[in-house]
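Trainee: Give me coordinates for this.
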Amino acid sequence: MPKVFYTQPDGRQDVIEAAAGDSVMQTAVRNGVSGIVGQCGGSLSCATCHVFLAEENADDFAPVGDDEDEMLDCAATERQDNSRLSCQLILRDGQEVHVTVPEAQL
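Mentor: Predicted coordinates:
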């Protein structure tokens, strides 16, 4: 079972056990993690699930695609080198993923 560590801007951390095959966004929304909106439901048409992916997890996921790259340019909080849309981060069994939630999504 994957586990996701969501660090809030104030440093508080939520640790959620997830289902393999779900996204980091789906896991957050289902568990009421503050700061992950997921307004489009994961259809890659908004940037309200923007997160900063920990460096140690960078190679655990496919690289940023063109559509995700464009959406990240629209994020409410300025993107960084480790910015990802959490709807594009699909979890695998046994993973431990660390993300930081930005200050704003809207």
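
Trainee: alpha carbons only for contacts and neighbour counts from here, please
Mentor: Noted.

Trainee: Surely H98 forms part of a strand?
Mentor: Yes: counting by DSSP: H, G, I helix; E, B strand; the rest coil, H98 is part of a strand.

Trainee: shouldn't it be in contact with Y6?
Mentor: Yes: here H98 reaches Y6: they are 6.3 Å apart, a contact under C-alpha atoms under 8 Å.

Trainee: Between the two, which is the more surrounded one?
Mentor: Applying other C-alpha atoms under 10 Å to H98 and Y6 shows that Y6 carries more neighbours, namely 26 against 21.

Trainee: What ranges does the chain have for its strands?
Mentor: Taking DSSP state E, the strands of the chain run over residues 3-7, 13-17, 50-53, 83-85, 96-100.

Trainee: which residue is nearest the middle of this protein?
Mentor: S86 (2.6 Å; C-alpha atoms, centre = their mean).
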